[in-house]
Structures are given as structure tokens and as C-alpha cells.
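>>> this is a predicted model, with the sequence first.
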Amino acid sequence: MRVGFVGLGIMGSPMAKNLVNGKIELYVNDVNTAAVEELVAAGAQQVTATSELGNICEVIILMLPNAAIVKNVLFGENALSTTLKKGTAIVDMSSLSPVDTAEIYEKLAELHVHYLDAPVSGGQPKAIDGTLSVMIGGDEQVFRQVEPVLAHMASDLVYVGESGSGSTTKLANQILVNVTIAALSEAAVLASKAGVDLNKLHAAIRNGLAGSAVLDAKLPLMIDRNFVAGGRIDINLKDLMNVEQTGRELGVPLPLTSSVIGMLQALKADGKVADDHGGLVQYYEKLANYEMPKGGK
């Protein structure tokens with residue numbers, strides 16, 4: 001099976017690398033020339049234009065920052081839609097709103113092209129080691145056909161339901177992740193300013209009810225003051241804006257989400273959009289007029 005991959009960023013590059021390592025026949029094109037060169041050196045093949053992937057590949061994976069870019073790649077000038085063959089499967093692992101997902105699904109269906117919304121969770125560390133969680137919406141038969149390919153990038157592949165189900169599940173995931181990071185930031189600044197060693201705080205609570213994957217992933221980074229992005233603030237802000245839009249459409253109040261959006265917007269105003277979303281702790285530090293010591297104590 002010939003697979004194309006578009007979107008070689010923080011997440012996409014290691015995901016594509018895992019496909020190459022899994023002996024998948026991979027074709028790539030991206031504005032990130034360094035990432036393309038690294039993948040070609042590992043065994044991928046480069047095409048000169050993204051539209052060429054439609055002529056070559058049975059499966060094309062997208063891992064792009066937002067819906068506007070996804071739509072441009074699929075339907076813009078010299079786009080994939082000009083070359084896609086009937087029966088091609090587009091696996092969109094970007095995080096989009098259900099509204100955008102529905103629009104793309106309908107347009108591709110007119111071309112007799114399959115579309116799965118398959119966003120991921122786990123951040124860059126899990127993208128690197130191939131243990132992402134993937135939530136899939138769309139035709140289950142199509143998912144089963146591409147499942148062996150996706151398995152090289154993920155340890156958890158869950159078919160959720162019809163088209164849009166994957167995108168909606170990712171929105172729920174993003175509420176939980178980002179609200180938990182905010183709560184963790186609030187707790188860490190309080191404890192640190194009171195004089196508690198954050199390493200001991202982590203050890204004391206991680207196996208209790210407050211323990212979580214977010215705690216174990218993000219508190220050590222906060223302690224080290226390492227805000228190099230595994231999940232950028234601007235991307236998570238975009239996701240939460242999609243959450244808020246969906247909540248309005250469904251008539252579901254989302255007060256916690258709205259609060260975290262305000263925090264991320266404040267960090268954006270401070271020029272920190274490229275930081276990891278664990279850097280949300282800096283919002284609380286600014287409010288408290290206090291910076292947690294590097295090393296935890």
C-alpha cells in the first residue's frame with residue numbers, strides 16, 4: 001500500500017518516521033524541507049508537489065495545523081482534489097471542528113473519495129515512540145483497511161462512529177487535557193509559593209485520585225521550566241475555540257473551557273504562543289507575582 005503524508009511538523013515528522021520504520025512505502029511533500037530530507041534519508045520518497053500524491057497513493061494522511069490549511073491542501077489551487085482517484089482514503093489526523101469535518105467529508109464524497117477524521121492525543125513524546133491514541137470517525141470498513149498503517153503510529157486505535165465522531169471526541173479530550181493543565185498550574189503555584197518542593201508534591205499525589213497522565217507529563221516540565229512545545233499553546237487555543245463553537249451550536253455551556261481560553265489568550269498576548277501548553281503555569285505565576293524555582297525547590 002502506497003501512503004502519502006502531508007504535514008511534517010512537531011507531530012507529523014515523528015509520525016511519518018514511524019511509518020518509514022514500519023516499512024510502509026511512504027511519499028512526502030512539505031514546506032519543511034529539513035523534515036522531508038530526514039525522511040528521504042530514512043527511506044521515504046519525495047514528490048515535488050502535494051497534488052502528485054493523488055496520482056500515486058491509495059492512502060493519504062494529513063497532519064496539519066488548522067482547517068483552513070487542510071481545505072487548501074485538499075481543494076485549493078493545484079490541490080489534491082485535482083488528482084485523487086476514486087476509492088482513495090484520506091485520513092485526516094488534524095484537529096478540526098465537526099462542522100469543518102462534515103464539509104470536507106461531503107466534498108470528498110462527491111469525488112468518491114473516502115474521508116476519516118482521525119485526530120490524535122498524546123503529544124510529541126507519544127508521536128515519537130509510536131504510542132499515540134487515535135479516535136476515528138467515518139466508514140468503519142475504510143478504517144479497518146487502513147488500520148494496519150495507523151498501527152505504526154499508535155498504541156490505541158478506537159473507532160468511535162460515523163463521520164465527525166473522531167473530531168467530537170478530540171474536542172472532549174482537549175477540554176480534559178487543557179482544563180487539567182490549568183488546575184495543575186494553579187495547584188503547583190500555590191504549593192510552590194507556600195514552600196513545598198514540587199518533586200515531593202508530585203511523589204505524594206501521583207498515585208492518588210489526583211494522579212493523571214497530564215500530571216506525570218506536564219509537572220516535570222514545569223519543574224524544569226521546559227516549555228519547548230510538544231503541544232503548542234496556539235494549537236490548543238485553536239482547539240478550545242472549536243470546542244466553544246461546538247458548545248454554542250449544541251446549547252452546552254462550557255464555563256471551564258471559557259476560562260482556559262482566556263488564560264491562553266493572555267499568554268498569546270505575552271508572546272508565548274509557541275510554548276508548550278504546560279507553559280500555562282506562567283499565567284498563574286504572573287497573577288501571583290511569583291516564579292516557581294527551577295528544579296522544584
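Nice, I can see it.
>>> which of the three states applies to S155?
strand (DSSP: H, G, I helix; E, B strand; the rest coil).
>>> in space, what's closest to it - neighbours in sequence excluded?
T131 (4.1 Å; C-beta to C-beta, 6 or more residues apart in numbering). No exception for glycine: its C-beta is placed from N, CA and C like everyone else's.
>>> let me see the contact set for that neighbour.
By C-beta atoms under 8 Å, 6 or more residues apart in numbering, T131 lies in contact with G122, A154, S155, D156.
>>> beta partners of the second one?
Here A154 sits in beta bridges with L132, as judged by DSSP bridges.
>>> so it versus D129, what's the distance?
Applying C-beta to C-beta, to the nearest Å, the value for A154 to D129 is 11 Å.
>>> neighbour-wise, which of those two wins?
Applying other C-beta atoms under 10 Å to A154 and D129 shows that A154 carries more neighbours, namely 23 against 12.
>>> related to what we said a few turns ago, what confidence value was assigned to the residue nearest to S155?
pLDDT, T131: 98.
>>> do the same with K126
95.
>>> so which helix or strand takes in it?
helix 123-129 (DSSP states H and E).
>>> and that helix, what does it pack onto?
Using 3 or more C-beta pairs under 8 Å, 6 or more residues apart in numbering; DSSP states H and E, the elements in contact with helix 123-129 are helix 12-21.
>>> so which elements touch the very next helix or strand once past the helix it packs on?
Following helix 12-21 in sequence order, the next helix or strand is strand 25-28 (DSSP H and E). Under the contact criterion of 3+ C-beta pairs under 8 Å, 6+ apart, strand 25-28 touches strand 2-6, helix 12-21, helix 33-42, strand 45-46, helix 52-56.
>>> among these, which is the most enclosed?
Highest mean neighbour count among these (mean count of other C-beta atoms under 10 Å): strand 2-6, with a mean of 24.
>>> what pairs with that strand, parallel or antiparallel?
Assessed with DSSP bridges, strand 2-6 is paired to strand 25-28 (parallel), strand 59-62 (parallel).
>>> intersection of neighbour lists for A154 and D129?
Common neighbours of A154 and D129, using C-beta under 8 Å, 6+ apart, do not exist here.
>>> for the helix or strand harbouring A187, what is the average pLDDT?
Secondary structure assignment for A187, by DSSP H and E: helix 165-193. Mean per-residue pLDDT for helix 165-193: 98.
>>> give me the buried positions along it.
165-171, 173-175, 177-189, 191-192 (16 or more other C-beta atoms under 10 Å).
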